[in-house]
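*Asks:* Quick check, what structure comes out for this input:
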Amino acid sequence: MTDFVGQRFVEFKSLIDGGIVAQWSFVPAARSKDDLNTAECEYKGKNYRINREPTEKEYNDMLFGWLVESGVTSNSVIYVKDLVTVGIGTGEQDRVGVAEIARDKAYRKLADRYCFEMDQIPYNELKDKDKKQEIDSRVASEKGGLGGLIGSAMVSDAFFPFRDGVDVGLSEGVSAVIQPGGSNNDYQSIDACNEADATMVYTGQRSFKH
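*Replies:* This is a model prediction of the structure:
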């Protein structure tokens, strides 16, 4: 079965008017760290570049996330940590909104995990207010990992038009960002990452799936 990894195939999409769209499947071009470029751009004669190169762990999480991203419907942002998806946001019209959805899902899923560990039920079925407050505090604390997002990689299927989308992840402790690059305002995202001592790489390829 691994022989089919990376192979393109024809996808068929049915339209509401009875028509059919035939298209080649998306294949991610970035499969190793050599395929990635450290974020850099020029704006108004000034060069902007990421201060910190990614660690091996960050490279692994970003590449894993980029491959997962190829199967997520656009527009999307996902968070990955230790080769596990922490939060997935999809189907939105803006980067900020979808980054926030992925963040909120990360918090909810971590709350579910803690709740199952305590009472073997999902969080939304928990009636004990004191236990809920305990879980909420634990999930939102830095010790609890801010939803498990501290040290995670942020993956975006398209560039960030402004820094506000990246800031959503950085404010939760994201340490690495992978995105296509190519925005006129890439310098803003570079500044945002440098301010947070985070790193960022470009794939040079969008990962849209509709």
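*Asks:* Going by C-alpha atoms from here, please, whenever you check contacts or count neighbours.
*Replies:* OK.
*Asks:* residue ranges for the helices of this protein, please.
*Replies:* Secondary structure of the chain (DSSP state H): helices at 56-69, 95-119, 129-140, 164-170, 186-195.
*Asks:* mind checking which of those is nearest residue 30?
*Replies:* helix 56-69 (7.3 Å; Cα to Cα).
*Asks:* still on that earlier bit, what's the closest of the helices of the chain to residue 21?
*Replies:* Per Cα to Cα, nearest to residue 21 of these: helix 56-69, 22.0 Å.
*Asks:* Turn the helices of the chain into TSV, columns for mean neighbour count and mean pLDDT.
*Replies:* Putting those into TSV (neighbours: other Cα atoms under 10 Å; pLDDT from 0 to 100) gives the following:
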stretch	mean neighbour count	mean pLDDT
helix 56-69	21	96
helix 95-119	20	93
helix 129-140	15	90
helix 164-170	22	97
helix 186-195	20	98
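*Asks:* possible to save those helices as TSV with distance to residue 15?
*Replies:* Shown next, in TSV, are the helices of the chain (distance: least, Cα to Cα, whole Å):
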stretch	distance to residue 15
helix 56-69	24
helix 95-119	25
helix 129-140	42
helix 164-170	32
helix 186-195	36
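*Asks:* how about these, which one is nearest residue 35?
*Replies:* Among these, helix 56-69 sits nearest to residue 35 (Cα to Cα), with 9.7 Å.
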